[in-house]
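S.K.: Got a sequence here, can you model it:
(chains A and B)
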Amino acid sequence: GAVVSQHPSRVICKSGTSVKIECRSLDFQATTMFWYRQFPKQSLMLMATSNEGSKATYEQGVEKDKFLINHASLTLSTLTVTSAHPEDSSFYICSVKGVNNQPQHFGDGTRLSIL
Amino acid sequence: SQKIEQNSEALNIQEGKTATLTCNYTNYSPAYLQWYRQDPGRGPVFLLLIRENEKEKRKERLKVTFDTTLKQSLFHITASQPADSATYLCALGATDTGNQFYFGTGTSLTVIP
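M.R.: The predicted structure follows:
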């Protein structure tokens, strides 16, 4: 069964709207989660590392005020795209870190379309 | 910065043949390498992990090799089936990167019946 649940699976909204995406770890407590963005026919690009109880670590070029991450519990991390614009349209995927370099478990992604 | 390239954007192969996908990297010394499968509109699904001190790993019809001298990994699917059609991603990780993974560009495999 699914290890990671991501919600919603698809969002269509107007420019200027803020959108929240949830990522839940179902099978185990996750102190670390990752957020990726994937444009069509491109690879997954790591946006940020979400750490439970502390501030997220953002990759170079990712605006932390634009992409707000909250990891308030060991099973939930949220990504909020603030004041979204059409260029923010993408496929956003979260993952849960395994232990001892074990593989990451990915959610099924959120397709965000900004009109 | 590190660069990870997968051999081709798309690969077509006849059912029953062996598919071979390539992952090449530069400016990086990964401690381990992973292969994932991604279907359209879905998140990646883990397939195999190989560590830097391992030459080869197998799982059912899948085989992965890792050559740290050539900075290359090969991913083989033997006796390929139409259900194997998907995009395959390699991902590199190192213990000094906080367990972040960096993904290759992906290869779209189509197995023709």
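S.K.: was I right about B:Gln81 contacting B:Glu15?
M.R.: Yes. In this structure B:Gln81 lies within contact range of B:Glu15 using Cβ atoms under 8 Å: 6.2 Å. (Each C-beta comes from the backbone N, C-alpha and C, glycine too.)
S.K.: Overlap of the contact sets of these two?
M.R.: Listed as contacting both B:Gln81 and B:Glu15 by Cβ atoms under 8 Å, 6 or more residues apart in numbering or on different chains are B:Val111.
S.K.: Now B:Phe101. Nearest residue, chain neighbours left out?
M.R.: Counting by Cβ to Cβ, 6 or more residues apart in numbering or on different chains, the nearest residue to B:Phe101 once its immediate chain neighbours are dropped is B:Ala91, at 4.2 Å.
S.K.: contacting residues for the most centrally placed residue in chain A?
M.R.: Most central in chain A under Cα atoms, centre = their mean is A:Trp35, positioned 3.7 Å from the mean C-alpha point. When contacts are counted by Cβ under 8 Å, 6+ apart, A:Trp35 touches A:23, A:46-50, A:67, A:69, A:77, A:79, A:92-94.
S.K.: and the gap between the spatially closest residue to it that is not a sequence neighbour and chain B?
M.R.: Distances taken as Cβ to Cβ, 6+ apart put A:Met47 closest to A:Trp35, at 4.7 Å, once the chain neighbours are dropped. Shown here: A:Met47 relative to chain B, a distance of 11 Å by Cβ to the nearest Cβ, to the nearest Å.
S.K.: just checking, A:Met47 touches A:Lys64?
M.R.: No. Counting by Cβ under 8 Å, A:Met47 does not reach A:Lys64; the two are 9.9 Å apart.
S.K.: Enumerate the beta-bridge partners assigned to residue 38.
M.R.: Going with chain A. Judged by DSSP bridges, the bridge partners of A:Gln38 are A:Phe91.
S.K.: Can you look at chain B instead?
M.R.: Residues in a beta bridge with B:Gln38, per DSSP bridges, are B:Thr87.
S.K.: quick one: pLDDT of it?
M.R.: According to the predicted model, the pLDDT of B:Gln38 comes to 94.
S.K.: neighbours around it, how many?
M.R.: A total of 22 residues lie near B:Gln38 under the criterion other Cβ atoms under 10 Å in any protein chain shown.
S.K.: Sheet-wise, list the partners of the helix or strand bottoming out on mean pLDDT in chain B with their directions.
M.R.: Taking mean pLDDT, DSSP states H and E as the measure, strand B:101-103 is the helix or strand of chain B with the lowest mean score, a mean of 83. Using DSSP bridges, strand B:101-103 pairs in its sheet with strand B:86-93 (antiparallel).
S.K.: Using PDB, write out every CA atom in the partner strand.
M.R.: As requested, C-alpha coordinates have been extracted for strand B:86-93 and formatted as PDB (Å, rounded to 0.1, in the frame of the first residue of the first chain):
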ATOM      1  CA  ALA B  86       7.600   4.000 -18.400                       C
ATOM      2  CA  THR B  87      10.100   6.700 -17.700                       C
ATOM      3  CA  TYR B  88      13.200   5.500 -15.800                       C
ATOM      4  CA  LEU B  89      15.100   7.900 -13.600                       C
ATOM      5  CA  CYS B  90      18.500   7.500 -12.000                       C
ATOM      6  CA  ALA B  91      19.200   9.300  -8.800                       C
ATOM      7  CA  LEU B  92      22.500   9.900  -7.000                       C
ATOM      8  CA  GLY B  93      23.100  10.400  -3.400                       C
END
